[in-house]
Structure formats: C-alpha cells, structure tokens
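**Student:** next come a sequence and a model predicted from it.
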Amino acid sequence: MAKPRFLECMECGRQWAYQASGMVCEACSSDWLQPHYDYQTFKRELLRGLPGRPANLWRYHDVLPVDEPQGFKLTSAGGTPLLLSRSYAEAVGHHPLYIKDERYGPTSSFKDRQAAVSVAALLEAGIHECVIASTGNAAVAYAAACARAGIKLWVFMTSLVPQEKLREAALFGAEVIKVSGNYDQTKQIAADFAQRRGLSLDRGSKAFPARESMKTIAYEIVEQLGWRAPDWYIQAVSGGLGPLGIYHGFEELYAMGLIDRIPQLAVIQAEGCAPMVRAFKAGREAAEPVVPQTRIAILSTGDPGKTYTYLWRLAQRHGGLMESVNDMEAFTAMRGLAKAEGMAVEPAAAVAFAGLEKMIRAGQIADDDVIVVNCTGHTFPVEKHVLGEEWRVDVHLSDDQSPAPREGLLAALETLDEKATTVLLVDDNPDSAILIQRLLEAKKKYRIFQAVDGADGLAQARGRLPDLIVTDLMMPGVDGFTLIEELRKDKRTHNIPVIVVSAKDITHDDHQRLKGHIEALIQKGSLSPRAFVEQVVQVLGDKTSREGTS
Ligand SMILES: Cc1ncc(COP(=O)(O)O)c(C=O)c1O
Ligand SMILES: [Zn+2]
C-alpha cells in the first residue's frame, strides 16, 4: 500500500530505506525527514482518474505514510469544496478567486487532515496515549480523531485560547490542561510532561504524517481546477505546517509532470505575531522568536524555528511573499466575507483574506492571476471584541404565567421594539453625552451608541444606519453643521432624523443652515429632561409609524 519507499533527510539529503522507527538522520542527526513513494504507479492511478477512491484525503493514500487500511475508516477528513467566489471577489476586485473551504471537516478546520493522518499513524505504531500542545484548532481536531480511535489524548492549550475550544476538546474526552502563559511556553510544558510520563508527543511540523496530510490540499486543488495549478496560494500561518506540507504536494505534482508550474506562496501572519514576515522582509533565512501580542491566539506561534527557513526556501524557489495584517483588518475581512459570501470563519482564517485584500491594494497580484485562498476554517461563538458590546437583542418571555401569555408576548414585543431602535449620540463632551443617555434610558431601552466627534459620528451613522441621531453643534474637526450636511448628501443617511442639542447661542444664520434638515433644536442650558425625552419618543414614534404604513 502506501508504505514510503525511502526517507530523505531534509537537511543533508541523505536517503535510506523506509523504516517505521529510527527517526533521525544517521549522517547529520536531523529529525526533519521526508518520505518518498512509488510515484510511477501513483501517477498511472491519477491519470486513470483514481477510480473507486473515496472523496476524502484517503483518496491519495498512495502518497500518505500510513499502511493500515483501518486508519482510513477512522477519520474522513479532506474532500472539501473549492468555491469560485463571485460576490466577495467582486467586493475585493479580483477574479478569478477560489476559496478552498476547509470548514467542511469533522471539527471544521484544516487541522482535521493533520489529525486524521497523524492518528492513523499512531494507531499503526501501536500508540494509545499521547500529548499535544496546540494554539486551539489542532487540539480540537486531534481530540475528535483520538476519540474515534480510542486513544487517550492530553491537550495543552494556553489560557488565551477561546474557552469554547477548550470545552470542545474536553467534550471529545481529551484531558485538557490550560496553561496561563504563551504558546511557546505551553509547548515546553507539554514536552516536559510527555517526557516525564514517557508519552508520545506530537512533533508539529517535524512530524511527516502531519505535513503529508496537508499536501492532500494541493492534490485536491489541482484536481478541482482540472489538473491545473493556481498562480497564487494564500494561507494564514502560525507555525507554518500547513503551507510546508501543501507545497510538498505541489512539488510532487510538478515532478510527476501533472502541473506546469508551482504557485507563488503568500504567507499571512497576524501583525502582533509575525516573526516570519519580519525575517522575510529583512531578507533573512532564519526567524527571531517574538512574544505574541495579538488577540488571534490561534495564530500565536512566536517561535517558528526551522519551519520558517523551509518556507523561506520555498518562496525563493517558486516566488512569493510574506505579509502581516492587524487584528482589525482581520475582523473587517471576516465581516466582509460573511456578508458577501455567506461564509462565517474565525479571525485566524480571516487573516488570509485580509492579506489577500492588502496584496490586491498593493498591486502585487497580476490581473488574471488564478488565486486560491485557503479558508482554514472553523467558526464558533464569536469573541465579544469582534462585534463590540451592542450586537445582540435579547427577548425575554417571562415564565411567570401571570399576566396572561398573550400580554406577556405583547410586552416582550414592545421591549424588542425599543431594543431594536438605535440612537446615535454625537457629543464631544462626555458628561453631557452621559446625561442624555441616562435621560433616554430612564424612559426606554433603546440601543444607544456614542460618537466622540463629528467624524466619528459620520462614520458610525454610515455603518449603523441608526433610527435617530442626537448631535451637538460645536465639536472639534467636523462640527454638527457639517455632520448634518454630510448626512443629508449621502443617500444611505439622508432620511435619518436628527435632533440637535446645543449650548451654542443660535444665530439667524445658524437657523437658516439647519432649517429643513433637523427635527428639533434644543438648547442645552434649558434642557428639560421631560421635554427632551418626549421629543425623542415622538420623533422615533413618527418614524416607526411612517415605516409601518409605507
Ligand atoms: C484556522 C487556522 N488557520 C491557520 C492556522 C495556521 O496553521 P499552520 O501555521 O500550522 O499552518 C491554524 C493553526 O492552528 C488555524 O487553526
Ligand atoms: Zn542529514
């Protein structure tokens, strides 16, 4: 079956007959080894269209280092769709753009491939207990695959990883150790633990079953594109195992003469943890470790070690670049992809899309280049900071049976109405903003957003399209007059009612400027709380009833 023919040392090139044990090079002691297979026979199978093969990664078992067919039955990762993007491609301004949608795996990330092949290899080696340190998704994927295989798994994750991931691993029966420290420290503790207990430790990028699992992504892409390679392959990177494995796949396909080029590689990292990007931009072959400072804990490998050097060599051989994006850019891309393409991904996967957008803006991609972005996957209860505080509307139906259920429902609908009503307060004076907010809150449970000046007000108005804007007039930069003029010019905002609350003495000219553009003008000094709130309620009431009858 798929037993490798020989192993090659990735450092000194020495080759020797494959054996399951003895995993270091005799010549240079390196433990970075690459298996090679019977490509002649495999190529014949590929040319025949792989008849009777499953639609998952075991389709390519001839070039996977697992011999035991029982492994194949365990985890059917891979076989994910390659989507030709229309709306998102349109939004970012590049065609053709393909998305390799790795959310379609047992635990919804591309790490499912790694878990499938690694766990099959563990079973083949007779190993029934092991240890892994992970930035999150690998742990969850291994936990699921180990559950199916009956292997006891110890998972080490940092406390920075979203708790949902820890809970998910625990759900699959893994022993979860939460370490308050960064990922590189967590890896060290996991290694010490494994050594003390004499347990097998996952070797990350060094483990060839893990790397070989990833190359099935290259095989799938090429098959899905009709035996063609893309011009660019783009991926979000933490430790770098993914692209390292995937490029071995492209190189095998090229060596077999099945593709005529190898795509350029784009490695995208989170700016707060971008040791590879730093080294690449400085033209260095080795990366200096960094202490991660990103909210995207999934991509927080501060010390990529040798993996960077191998990726650097790949980029030298085939062309490519390494680029970073900040957390906000990733969150924005995440929302853009969700809105345009209906695809929810976690911030780590969105990093690749934010990178793509940056590359397009920088003119680094030729007009008709065929791009594949690896949508590495996974969505989960979205972290609060991605959406801010006010993204949700709760409806509480009282389980107390009096008043009658019908009235309870009505009351709930009324509060829903209030909570679904958005008011934007634009005021540079925090005290007066809070006063206005309190006045409104005392009356109704509107969703209230605050903007600190006219420019912020304009941006939030365009983004949130509130039901009412309450604004000050005198503010630094963009003042209330300009804000109102800009709102009226923009067709998205020109109908939003505006109430002005100002301490300024209003001149005749001011009146003329505001006339016809605002619903009410209230003098701050004489701000009667009752009158003000009545005014707001009335304007909003008018607005909803207008909408209700139109
Ligand atoms: C969703 C997601 N994207 C990208 C990565 C980066 O993976 P790697 O650098 O190991 O290829 C990870 C790693 O955990 C991930 O979970
Ligand atoms: Zn060697």
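**Tutor:** Okay, I see it. Ligands and ions are numbered 1, 2, ... in the order given.

**Student:** how about the residues of the protein near ligand 2?
**Tutor:** C9, E11, C12, R14, C25, A27, C28, S30 (CB under 5 Å from the ion). To be clear about C-beta, it is placed using only N, CA and C from the backbone, and glycine gets the same treatment.

**Student:** tell me how many other residues surround the last one.
**Tutor:** To tie it back to what came earlier, the one meant is S30. Residues near S30, counting by other CB atoms under 10 Å, number 15.

**Student:** quick thing: my sequence starts at 637, can you match it?
**Tutor:** Shifting the count to begin at 637 puts that one at S666.

**Student:** can you say which of the residues of the chain next to ligand 2 are buried?
**Tutor:** Buried members of those, counted by 16 or more other CB atoms under 10 Å: C645, C661.

**Student:** could I get the residues of the chain next to ligand 2 as a markdown table with secondary structure?
**Tutor:** Formatted as a markdown table, those follow (DSSP: H, G, I helix; E, B strand; the rest coil):
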| residue | secondary structure |
| --- | --- |
| C645 | strand |
| E647 | coil |
| C648 | coil |
| R650 | coil |
| C661 | coil |
| A663 | coil |
| C664 | coil |
| S666 | coil |
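
**Student:** which residue ranges of the stretch 737-886 of the chain form helices?
**Tutor:** 747-760, 773-785, 799-807, 819-833, 844-860, 877-891 (DSSP state H, counting those that start in this stretch).

**Student:** now those in TSV, with mean pLDDT and mean neighbour count?
**Tutor:** Output for those, formatted as TSV (pLDDT from 0 to 100; neighbours: other CB atoms under 10 Å):
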stretch	mean pLDDT	mean neighbour count
helix 747-760	94	28
helix 773-785	95	27
helix 799-807	87	18
helix 819-833	87	17
helix 844-860	97	25
helix 877-891	98	22
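
**Student:** quick one: contacts for the residue of the stretch 737-886 of the chain at minimum distance from ligand 1?
**Tutor:** Across the stretch 737-886 of the chain, no residue is closer to ligand 1 than G878, which sits at 2.7 Å (CB to the nearest ligand atom). G878 makes contact with F746, M850, I853, Q871, N1010, T1012, according to CB atoms under 8 Å, 6 or more residues apart in numbering.

**Student:** now these as CSV including distance to ligand 1?
**Tutor:** Listed next are the contacts of G878 as CSV, based on distance: CB to the nearest ligand atom, whole Å:
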residue, distance to ligand 1
F746, 7
M850, 7
I853, 10
Q871, 7
N1010, 8
T1012, 3
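
**Student:** now, which of those sits nearest R641?
**Tutor:** M850 (20.5 Å; CB to CB).

**Student:** does the closest one touch G875 like I think?
**Tutor:** No: counting by CB atoms under 8 Å, M850 stays clear of G875, with 11.6 Å between them.

**Student:** can you tell me the helix or strand for E1054?
**Tutor:** Using DSSP states H and E, E1054 falls within helix 1041-1055.

**Student:** after that helix, next one along is what?
**Tutor:** Sequence-wise, the next helix or strand downstream of helix 1041-1055 (DSSP H and E) is strand 1058-1062.

**Student:** need the contact list for the closest residue to K851 other than its chain neighbours.
**Tutor:** Excluding its sequence neighbours, the residue lying closest to K851 (CB to CB, 6 or more residues apart in numbering) is G885, at 3.0 Å. Shown in contact with G885 (CB under 8 Å, 6+ apart): M850, K851, T852, I853, A854, Y855.

**Student:** any chance of the residues you listed in TSV, plus distance to P899?
**Tutor:** Shown next, in TSV, are the contacts of G885 (distance: CB to CB, whole Å):
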residue	distance to P899
M850	15
K851	14
T852	16
I853	12
A854	9
Y855	14
